[in-house]
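1. What would the 3D arrangement of this be:
(chains A and B)
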Protein chains: 2
Amino acid sequence: MINVIGYHTTKFGEQWNKSLFDLISEAIHGVIKEMKIDKEEINAVFFGNMLAGILENNVHGGSKISEILKTHVPMYRVEAACASGGLAFNLACQYLNANKNSTVLVVGGEKMTDYPTPKVITALSAAASGEEQEAGLTFPGLYAMLARIYLHTYGYTEEHLAAVSVKNHFHGTFNDKAQFQKEISIEDVLKSPYIADPLKVLDASPISDGASAILVTNNRHIAHRIDKKMTVLSSQAATDSISLSGRAYLDRLDSTVQAGNKAFSDAKLSPIDISVAEVHDCFSIAEILAMEDLGFFKKGEGGERMKNYETMFGKTNGLVVNTSGGLKASGHPVGATGVKQIGEVFLQLTQQAGKRQVKKIKYGLTHNVGGSGGTAVVNIFSS
Amino acid sequence: MINVIGYHTTKFGEQWNKSLFDLISEAIHGVIKEMKIDKEEINAVFFGNMLAGILENNVHGGSKISEILKTHVPMYRVEAACASGGLAFNLACQYLNANKNSTVLVVGGEKMTDYPTPKVITALSAAASGEEQEAGLTFPGLYAMLARIYLHTYGYTEEHLAAVSVKNHFHGTFNDKAQFQKEISIEDVLKSPYIADPLKVLDASPISDGASAILVTNNRHIAHRIDKKMTVLSSQAATDSISLSGRAYLDRLDSTVQAGNKAFSDAKLSPIDISVAEVHDCFSIAEILAMEDLGFFKKGEGGERMKNYETMFGKTNGLVVNTSGGLKASGHPVGATGVKQIGEVFLQLTQQAGKRQVKKIKYGLTHNVGGSGGTAVVNIFSS
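-> Residues are numbered from 1 along each chain as shown, chains lettered A, B, ... in the order given. Here you go, the predicted structure:
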């Protein structure tokens, strides 16, 4: 049995006084100290990071974490654009299934705010296909195309998209690690400037710095001595053609559908069983697609149900989505996001989520996407 | 039992008419076609690449391979500088140990010759520590420091280093996929210009384009229908402080010592059992250190034994090293190198190495290093 036994995250946001590896060091030392784990008990490290190579000529991060931990254990840097953190966790689970009595550290981090925004947007576009990059398509542009198709096909408006951001900003007010901790209104979203029609600034997750770390173990002795833990029921990854032009459908992300179906089947659960989920809302449209692709909503229902705030904290006895504030309000340091999502579900399932604690919960899910759906990772956990 | 069942590589060298993913596609389709594997039989892909993010704003390669293969299976991009290919294989073995009856593709590739050399050298330095980069230390500079310490400590000269390149260029003449297929002399090496004293141009591996792919399986039905295969006895990775200033010793790479000891212990073999090895000769000094660190030579003997050409093809009944030509003559497209090393041992152990076939062999070893020793991967195979 694989357990997540600890979580520590830096604050997400603008952290101009800290380097990437300062943030990573803070997350790693935080979780090791809080869990009273001896670093000699860590058998391997999985590290999610997307942009350090492009932005600061900084790769080979595994070896740099070896310098922080002062150990010689294997360190694996994993990269799948914005799904780097989730995929690092997925590989950590493979590692644990292959190695008995082991404990691994999964850490994700990104340093994005030191650079001019156009440079960061161009760097993020490195996850898109060469053809899409050459056509001048940035990520906002790619998701705007998906949004336009969705709104047109199912008869929704930009107000339906805006409700996602309103909900996630509301959740962010309860999370002191979130980049944005203030409420916004539908009007605020609708009045914000367009970045790629129909998406506006307040439909989009921000540029962020931050790092998050979790400890994962299948060592019974270690799991036994730790009170607060959650069990991994399934971790699944799937891929799709990165180019939108190569896709069978444009009103869904097939990688999410595939990873989600496998995860529910493997965990022997249904969407109805999940009480808390962190889904990949890099743009408002992405959360709507995710809710449908994961089977929480029927295809085409997402806009309506989102506008009813059915998944908002305090408004439902059912599933609450993105209690951390999601990528939108919590922030999106891309390599950290997939790890933070797991950390948030860990806090919820172990009753450590404070003001945003969802009551009576047993199962949680995380969903992390790379690029415009080229990679998706879905994990299911139980308390 | 994990078997390597197929190998295909592009030619290494200057391939200005092909993009990175053209090369990767060529390697992937080559191995699938030759092995008559249906791509539906591949359960996951492990992809080693270091530089595409920095050099061509191109990351999320897993998803781009999904586009080539037109499948939805998980794709993992792994990066550990020049050990990216070896570490991708190491993770593939973890994956297979966690998943029965599976077959995975391990592919590494790099496109380096389209860019001005200073840009490539700077990009390669991304694997070094921030402090080392700020001090202006490039990879030749870091290995030159290691070479100077080694020559001084054990009383050797630049001629001892040069013998490594002479041997590996001789081997390259038998490999039609090698970047350089011509012999060089000790005098050629000694007369070549210094790049970082005491290392000269002909002590250094070149800048190269290329991609290599192998198929690895623990599916008995698939292994059964394939004649030529080798068995993985052990795959081990270890790390070390990337900064030389953080190391306990500078006349060895501790990551190699650690990974090598674990691999021999796990495989229940000794260095004397190995007949063919591909070791990481990014610079001539690196092969000498590797031979000592892996236990083939005693510490300090390397210079002398190398100058006696004890590991040269045709000159020994014992261990032959770098029959492919090594990084020096075969070329060093960094993400591909670790995969090509395994492919070369595969060709040797399955008696497909043609003019460079080593006789009477049972066991082979590969050794792949990231940066100046921050990561090392050692694999041991049997026929």
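
2. How far off centre is stretch A:154-174?
-> Here the centre of stretch A:154-174 is set off from its chain's centre by 18 Å, with C-alpha atoms, centre = their mean, to the nearest Å.

3. quick one: average pLDDT of that stretch?
-> Throughout stretch A:154-174, pLDDT has a mean value of 98.

4. Could you list the buried residues of it?
-> In terms of neighbour count (16 or more other C-beta atoms under 10 Å in any protein chain shown), stretch A:154-174 has its buried residues at A:154, A:156, A:158, A:160-174. In short, each C-beta sits where N, CA and C put it, glycine included.

5. Can you name the residues that contact A:Asn99?
-> Residues near A:Asn99 by C-beta atoms under 8 Å, 6 or more residues apart in numbering or on different chains: A:43-44, A:218, B:94, B:97.

6. what's the closest non-adjacent residue to whichever residue of the stretch 1-150 of chain A sits closest to chain B?
-> As assessed by C-beta to the nearest C-beta, chain B sits closest to A:Ser63 within the stretch 1-150 of chain A, at 2.7 Å. Spatial nearest neighbour of A:Ser63, excluding adjacent residues (C-beta to C-beta, 6 or more residues apart in numbering or on different chains): B:Gly374 at 2.7 Å.

7. pretty sure the one you found contacts B:Ala237?
-> No. With contact defined as C-beta atoms under 8 Å, B:Gly374 does not count as touching B:Ala237 (11.2 Å).

8. rewinding a little: which ones among the buried residues of stretch A:154-174 are found in helices?
-> With DSSP state H as the criterion, helices contain A:154, A:158, A:160-172 from among the buried residues of stretch A:154-174.

9. What does A:Gly85 show for phi and psi?
-> phi -70, psi -40 (degrees, to the nearest 10).

10. And it, how far from A:Thr9?
-> Distance, A:Gly85 to A:Thr9, using C-beta to C-beta, to the nearest Å: 11 Å.

11. for A:Ile342, same thing?
-> 11 Å.

12. Tell me which residues touch A:Ala263, please.
-> A:234-236, A:365, A:378-380.

13. Likewise for A:Tyr363?
-> Taking C-beta under 8 Å, 6+ apart, one finds A:233, A:267, A:269, A:273-275, A:349, A:380-383 in contact with A:Tyr363.

14. Please enumerate the strands of the stretch 151-300 of chain A.
-> For the stretch 151-300 of chain A, strands defined by DSSP state E, counting those that start in this stretch occupy the ranges A:194-196, A:199-200, A:210-217, A:230-239, A:276-278.

15. packing partners for the third one?
-> What that stands for is strand A:210-217. Contacts defined by 3 or more C-beta pairs under 8 Å, 6 or more residues apart in numbering or on different chains; DSSP states H and E place strand A:210-217 against strand A:3-9, helix A:20-34, helix A:84-98, strand A:103-110, helix A:334-349.

16. Buried among the contacts of A:Tyr363? Make that a PyMOL selection.
-> Per 16+ other C-beta under 10 Å, the buried members of these correspond to this PyMOL selection:
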select buried, chain A and resi 233+267+269+274+275+349+380+381+383
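
17. got the contacts of A:Tyr363 as TSV, with distance to chain B columns?
-> Converted to TSV, these look like this (distance: C-beta to the nearest C-beta, whole Å):
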residue	distance to chain B
A:Leu233	16
A:Ala267	17
A:Leu269	21
A:Asp273	24
A:Ile274	22
A:Ser275	27
A:Leu349	24
A:Ile380	16
A:Phe381	18
A:Ser382	20
A:Ser383	24
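
18. Need the residues touching each of A:Gly85 and A:Thr9.
-> Counting by C-beta under 8 Å, 6+ apart, the contacts common to A:Gly85 and A:Thr9 are A:212, A:336, A:339-340.

19. Could you single out the nearest of these to B:Lys315?
-> Lowest distance from B:Lys315 to the shared contacts of A:Gly85 and A:Thr9 (C-beta to C-beta) belongs to A:Val339, with 52.3 Å.

20. pretty sure that closest one is touching A:Val106, no?
-> Yes. Contact criterion C-beta under 8 Å: A:Val339 and A:Val106 qualify, at 5.8 Å.

21. any residues in contact with both of the two?
-> In terms of C-beta under 8 Å, 6+ apart, A:Val339 and A:Val106 are both contacted by the residues A:48, A:85, A:88-89, A:213-214.

22. For the residue in the stretch 251-383 of chain A that chain B sits nearest to, the count of nearby residues, please.
-> At 2.7 Å from chain B, A:Gly374 is the closest residue in the stretch 251-383 of chain A, using C-beta to the nearest C-beta. As a burial measure, A:Gly374 scores 32 neighbours (other C-beta atoms under 10 Å in any protein chain shown).

23. list the contacts for it?
-> A:80-81, A:127, A:239-242, A:255, B:60, B:62-64, B:66.

24. run the last query once more with 7 Å
-> Residues in contact with A:Gly374, defined by C-beta atoms under 7 Å, 6 or more residues apart in numbering or on different chains, are A:127, A:239-240, A:242, A:255, B:60, B:63, B:66.

25. What's the per-residue pLDDT of it here?
-> 95.

26. repeat for A:Ile42
-> A:Ile42 is assigned 97 on the pLDDT scale.

27. Show me which residues of the lowest-mean-pLDDT helix or strand in chain A are buried.
-> Within chain A, no helix or strand scores below helix A:130-134, which has a mean of 88 by mean pLDDT, DSSP states H and E. Neighbour counts using 16+ other C-beta under 10 Å place A:130, A:132-133 of helix A:130-134 among the buried residues.

28. Can you add distance to B:Asn101 and give those back as JSON lines?
-> Listed next are the buried residues of helix A:130-134 as JSON lines, based on distance: C-beta to C-beta, whole Å:
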{"residue": "A:Gly130", "distance to B:Asn101": "35"}
{"residue": "A:Glu132", "distance to B:Asn101": "36"}
{"residue": "A:Gln133", "distance to B:Asn101": "38"}
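
29. between those, which is nearest A:Ile361?
-> Using C-beta to C-beta, A:Glu132 comes nearest to A:Ile361 of those, at 39.3 Å.

30. Pull the contacting residues for the closest one.
-> So A:Glu132 contacts A:142, A:243 (C-beta under 7 Å, 6+ apart).

31. Since that was my last question, I'll sign off now.
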